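> model the structure of this input:
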Amino acid sequence: MPDQSESQYAAAAHVPLIKSPGLRVPPPVHLPPDIHPLPDSITPYFVYPFTIEPHILTVESSRRTTLASHTARRESYLCAREDERERRRRDALRRVAPGFDPAAPLVPVRAEQGEVKKDVMDDLVDQLARMENGS
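From the prediction side, this is the model:
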C-alpha cells in the first residue's frame, strides 16, 4: 500500500511544463463602478409606433386568406385526383368483370336446375304466334 504522504500526482511533479509563446492570458475586465443592469424606470423603452399597426394587420390577414385559399385548392385537387384514380380502377375492373362493384360484397345466386316450366297458355300463345309468322 502506498504511503499516505505521497500524492497520486507525485510522479508528474517533476515534469517541466512549457508555455506556448502564442498563448497569453487576456487582461482582466474592469467594470465601471456606476453600471446598472436596468435603469430606474423602463417606461422610455415602451415607445411603439402604433401608426404601423393597421398596415401589418391588413398584410397578415391577406396573407392568411391567401394561404387558406391555397390550402383549400390543394385539398380539392388532391381529392379530385384520388377520385379520378379510384374511378379509373373501377372502370378497369368493370372491363374485366362487367357489373363488378367493389363497394358491395359479391353474393352467389343459386341457378335453378332444369328447365323453367311454362304455363299451358304460354305454349298455346307461342304456337299461334309461330303459325302467324309462318303463313
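> for this structure, give me the ranges with low pLDDT.
Within the chain, the segments meeting pLDDT under 70 span 1-5, 36, 111-117, 135.
> sec struct for Ala92, please.
helix (DSSP: H, G, I helix; E, B strand; the rest coil).
> Arg94: how many residues sit nearby?
13 (other CB atoms under 10 Å). Where C-beta positions appear, they are placed from N, C-alpha and C, glycine not excepted.
> not counting residues beside it along the chain, what's closest to it?
Phe100 (5.7 Å; CB to CB, 6 or more residues apart in numbering).
> mind checking which helix or strand Val107 is in?
Using DSSP states H and E, Val107 maps to neither a helix nor a strand.
> tell me where the chain has helices.
Ranges of helices in the chain, per DSSP state H, are 53-96, 120-134.
> of all those, which one is nearest Leu23?
helix 53-96 (51.5 Å; CB to CB).
> one step back: closest to Pro21 out of the helices of the chain?
In terms of CB to CB, the element of the helices of the chain nearest to Pro21 is helix 53-96, at 57.1 Å.
> residues in contact with the residue nearest to Arg94?
Neighbour list for Phe100: 93-94, 106 [criterion: CB atoms under 8 Å, 6 or more residues apart in numbering].
> and the residue minimising distance to the centre of the chain, how far from Arg81?
The residue lying closest to the centre of the chain (CA atoms, centre = their mean) is Glu75, at 11.8 Å. Per CB to CB, to the nearest Å, Glu75 is found 11 Å from Arg81.
> alright, that wraps it up for me.
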